[in-house]
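Chemist: This is a predicted model, with the sequence first.
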Amino acid sequence: MTGNHHEADDLIALLRGDLGRQQLTSLAGHLRGCESCRRSLVEVAAVHGSLEAAARLLGQPAGSPGLTQPSGSPEPMAISASDLPPLRLPRRRTSRLALVAAGVAAVAVLGAGSVLALSPRRPQPPAGVASVALRPLTGDAAGRVTMSGPSPEVHMTISTARLPSAGSGRFYFAWLLDPRSGKMLPLGVVTADRTEGFDVSADLVRRYHAVDISLESDNGDPAHSVTSVLRASY
């Protein structure tokens, strides 16, 4: 050990299972709190694994899969793992993929609970799916409109949250809206705090550029009321 960091020989001994219980406990405790040594362990594990694989390949007998000899060729010289040069910590870093894979394997052997910090990526929506938020025009309700599916038909789902009860004799209704002309096309009834689905012609989706949720009275009038509660532009 040099200072507060472990030499490559200690890390190699760890990978080979050559450490005693006291040494293993000490090294595992150090690795939990030393990022530099964990990086070194990853590099050593990657190179150690590569050399072990090479040794197994070179030690195969002639005629086995992977090593073929032309007729009349001299017998190959047998090479074992003990003939390989001593392993030392490489100066050149291995690829990022190899570091991550080897590091995970080494930490699992330790059982120390150390975790390699990898920045998570946000999941991307599937191709062909569009999603926009419904914004409140009155109150603090919210929601989302999601559209998916190839032409000629689009499946549209509308979900709402914090919509107050429509009350007796009233209901919420969804519309396609053309903001420039004010023209509206009815979609269907929307229940508060639930998700509703509608199949809409792709041509209509292209011609209208917004979704409007209104509060309607059950009075037989099919026209849009004056009360819009949520709206999303797409």
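Modeler: Structure's in. What do you need? Computed from a predicted model, the values in this text were never measured in an experiment.

Chemist: Flag the helix or strand of the protein with the lowest per-element mean pLDDT.
Modeler: helix 96-110 (a mean of 46; mean pLDDT, DSSP states H and E).

Chemist: need the next SSE after it, C-terminal direction.
Modeler: The C-terminal neighbour of helix 96-110 among helices and strands, as given by DSSP states H and E, is strand 130-136.

Chemist: Now do the phi/psi pair for residue 212.
Modeler: Backbone torsions of residue 212, given as degrees, to the nearest 10, read phi -120, psi 140.

Chemist: same thing with residue 34?
Modeler: According to degrees, to the nearest 10, residue 34 has phi -120, psi 100.

Chemist: I'd like to know how many residues surround it.
Modeler: For residue 34, the neighbour count with other CB atoms under 10 Å is 17. (C-beta placed from N, C-alpha, C; glycine too.)

Chemist: One more: the one 10 residues further on?
Modeler: For residue 44, the count of nearby residues is 24 (other CB under 10 Å).

Chemist: I figured it hits residue 11, correct?
Modeler: Yes: between residue 44 and residue 11 there is a contact under CB atoms under 8 Å: 4.5 Å.

Chemist: Residue 191 - nearest residue in space that isn't next to it in sequence?
Modeler: Spatial nearest neighbour of residue 191, excluding adjacent residues (CB to CB, 6 or more residues apart in numbering): residue 172 at 7.1 Å.

Chemist: is it true that the one you found lies in a strand?
Modeler: Yes: using DSSP: H, G, I helix; E, B strand; the rest coil, the assignment for residue 172 is a strand.

Chemist: Beta-bridge partners for it, please?
Modeler: Note on residue 172: beta-bridge partners by DSSP bridges are residue 190, residue 215.

Chemist: now residue 163: how far from residue 40?
Modeler: 57 Å (CB to CB, to the nearest Å).

Chemist: got any ranges where this structure has weak pLDDT?
Modeler: In the predicted model, the chain carries pLDDT under 70 at residues 1-8, 47-128.

Chemist: tell me the domain boundaries of it?
Modeler: 8-69+77-110, 130-233 (automatic domain parsing).

Chemist: before we move on, back to that, quick check: the residue nearest to residue 191 touching residue 216?
Modeler: Yes: with contact defined as CB under 8 Å, residue 172 reaches residue 216; the gap is 7.3 Å.

Chemist: and the two? which has more neighbours close in?
Modeler: residue 172 (24 against 19).

Chemist: List the residues that contact that one.
Modeler: Shown in contact with residue 172 (CB atoms under 8 Å, 6 or more residues apart in numbering): 160, 163, 166, 189, 190, 191, 192, 213, 214, 215, 216, 229.
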